[in-house]
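[1] here you go, sequence then predicted model.
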Amino acid sequence: MRACLSSIALAALASTQVVSAAPVAGSAKLIGRDDAAGIQYVPGSVDWDKVDWSQVNWSAVSWDAVNWQSVFSSEQPPIYTSEAPVSSAQSQPPSAAPAPTSAVPAPPSVVPAPVPPSVVPQPSKTAPVPVPTSVVPPPPTAAPTPAPSPKPQPSTSPSPSPSPTPSPKPSPEPVYTSESTPEPVTSSPAAPEPEKPASSGSLWGLTYSPYNTDGSCPDVGTVTSQLQKVAGVTGNIRLYSTDCSQLRNALQAISSSNLNLGIHAGLWISDGESRMQSDLDEFIAATKQYDSSLVKGVSVGNEDLSKGMSESTLIGYINQVRARLQSEGLGHIPVYATEQDAHFTKAIAAVCDVVQVNIYSIFDSIFTSVDSSVKSVIQRADNIRNNVAGGKPVRFGETGWSSAGSTGPSPLSLTSEIAYVQKFKCAAAAAGYDYFYFEAKDALWKQGQALSEQSFGIFGHDFVQKFDFGLLNLC
């Protein structure tokens, strides 16, 4: 009777889903479940004290599936059934399993109330007792292998761009060490930056005439503002005169703003000796007031032989200026003339410290290409170097290209101007020539003159860049 009661309890438990929270020593789980196959099993040893008898579903016992022989064995393998799992009941962790004995485990101290015979079916007395053929339990009914989940695919939809957030200050670059890993940073659209000057030294030199658009004289503040921009593209400026206090203002601007600019000054002699003397006096006073080392040279006139001045007159002016500078303690400043290459003579070159020539191809009667125009001016400078200069350094006092107007067959446009300044800069450097590119800003102050004469600047008349100065660094 006790064995019969135990077998019935085991069979009832086999069809009831009671999951243990912790394994019982020596027997894996009180009652477990194979989730993949939906199979329930009863371990060989059962801690009867932990069985919740109120949860036993006696009516669900499959009496034909009970392994009656294994009921009386304490070391039986798990019993598998194919019953589908039922809703789980709360369970308590089992205690350690008692040591197995050959006897049938004792029923619980509290025996549940007898179940009416009509509820608990009785096994057939003639039913044979199945005998296991192996100590290994038969495999459960094979469960279908779950299909693998598809691998996630990357999204083909672009991420929305963040709204641009202006930032008044650029973020500092992160400093990385060999022991640190940089955090990934999401970039956001940069705020518009103010106009940046090109790096200093893009051009060797620029000619600079500071006059306002209406021809009036600018104040020192205007000159300072303009030279701050000029210093971003060159390290040298050429002036033509000392009127409008332009030399004094330039010296003050460079000194007060600590600009990396050298001044190559000029004396205007086209209006006669009195004007020459007036400019010379101002030159000496301004140079002495400020650091004279900022003044790298002085040109006596500009293209005056081309305007009809005699060679002897020009030579006389050059010698007079040099003598005066020596008497004023400024003899270290180079003195020279500036003339068109076609009019520069050996006699003039002989009294000059530097042979400074103005050479243009924009006025040529034949145009084939900007490349050819650049080669032409370099060849003409080579002719002065080889046949006129007498071994003295040759420098371009002017060369350039207008962005508007007409001078003949040469195309005057901003595109052509950019092409010329780029190609000339590279060619001059390759040939070993210093130069002053003509000119810093458009000369609208030359009222009544041709548009081409007013449009040579790399800045507009308002000192806004006419093109990207970064292009000047390309060769």
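    Perfect, thanks for sending it. Predicted model, so just to flag it, every value in this text is computed and none were measured.

[2] now the helices for the stretch 151-300 of the chain?
    Using DSSP state H, counting those that start in this stretch, the helices of the stretch 151-300 of the chain run over 220-230, 246-257, 273-289.

[3] okay, these, which one's buried deepest?
    Mean neighbours per residue, mean count of other Cβ atoms under 10 Å, is largest over these for helix 246-257, with a mean of 20. C-betas here are computed from N, CA, C, even on glycine.

[4] same list (the helices of the stretch 151-300 of the chain) but as CSV, adding distance to residue 360 and mean pLDDT.
    Output for the helices of the stretch 151-300 of the chain, formatted as CSV (distance: least, Cβ to Cβ, whole Å; pLDDT from 0 to 100):
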stretch, distance to residue 360, mean pLDDT
helix 220-230, 22, 98
helix 246-257, 24, 98
helix 273-289, 25, 97
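
[5] kindly reformat those helices as a markdown table containing distance to residue 444.
    As requested, these are arranged in a markdown table below (distance: least, Cβ to Cβ, whole Å):
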| stretch | distance to residue 444 |
| --- | --- |
| helix 220-230 | 14 |
| helix 246-257 | 17 |
| helix 273-289 | 24 |
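
[6] nearest to residue 302, of those helices?
    With Cβ to Cβ as the measure, helix 273-289 is the member of the helices of the stretch 151-300 of the chain nearest residue 302 (11.8 Å).

[7] elements contacting the closest one?
    In terms of contacts (3 or more Cβ pairs under 8 Å, 6 or more residues apart in numbering; DSSP states H and E), helix 273-289 is packed against helix 246-257, strand 262-267, strand 295-300, helix 311-327.

[8] would JSON lines of these with distance to residue 423 be doable?
    Converted to JSON lines, the helices and strands packed on helix 273-289 look like this (distance: least, Cβ to Cβ, whole Å):
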{"stretch": "helix 246-257", "distance to residue 423": "29"}
{"stretch": "strand 262-267", "distance to residue 423": "24"}
{"stretch": "strand 295-300", "distance to residue 423": "26"}
{"stretch": "helix 311-327", "distance to residue 423": "32"}
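
[9] so which of these gets nearest residue 202?
    Comparing the helices and strands packed on helix 273-289 by Cβ to Cβ, strand 262-267 comes nearest, at 15.3 Å.

[10] what does the closest one rub up against?
    Strand 262-267 is contacted from outside by 205, 235-242, 247, 250-251, 254, 276, 279-280, 283, 287, 294-302, 321, 338, 436, using Cβ atoms under 8 Å, 6 or more residues apart in numbering.

[11] swap the cut-off to 7 Å and go again
    Strand 262-267 is contacted from outside by 235-241, 247, 250-251, 276, 279-280, 283, 294-302, 321, using Cβ atoms under 7 Å, 6 or more residues apart in numbering.

[12] picking that back up, among the helices of the stretch 151-300 of the chain, single out whichever gets nearest to residue 346.
    Per Cβ to Cβ, nearest to residue 346 of these: helix 273-289, 23.5 Å.

[13] so that closest one versus strand 262-267, what angle?
    150 degrees (axes from the mean of the first three to the mean of the last three Cα atoms, to 10 degrees).

[14] now the angle from helix 273-289 to helix 311-327?
    Orientation of helix 273-289 against helix 311-327 (the same axes, to 10 degrees) gives an angle of 30 degrees.

[15] where do the strands of this protein begin and end?
    Using DSSP state E, the strands found in the chain span residues 32-34, 39-42, 79-81, 206-207, 236-238, 262-267, 295-300, 335-336, 338-340, 355-358, 394-398, 434-435.

[16] of all the ones you listed, which one comes closest to residue 442?
    Across the strands of the chain (criterion: Cβ to Cβ), the nearest stretch is strand 206-207, sitting at 12.4 Å.

[17] give me the contact list for the closest one.
    Against strand 206-207 from outside (Cβ under 7 Å, 6+ apart): 230, 234, 237, 238, 398, 436, 437, 438, 439, 440.

[18] for the closest residue to residue 443 other than its chain neighbours, what are its contacts?
    Distances taken as Cβ to Cβ, 6 or more residues apart in numbering put residue 454 closest to residue 443, at 5.0 Å, once the chain neighbours are dropped. By Cβ under 7 Å, 6+ apart, the contact list for residue 454 reads 442, 443, 444, 446.

[19] same thing but 8 Å
    Counting by Cβ under 8 Å, 6+ apart, residue 454 has contacts 404, 405, 442, 443, 444, 446.
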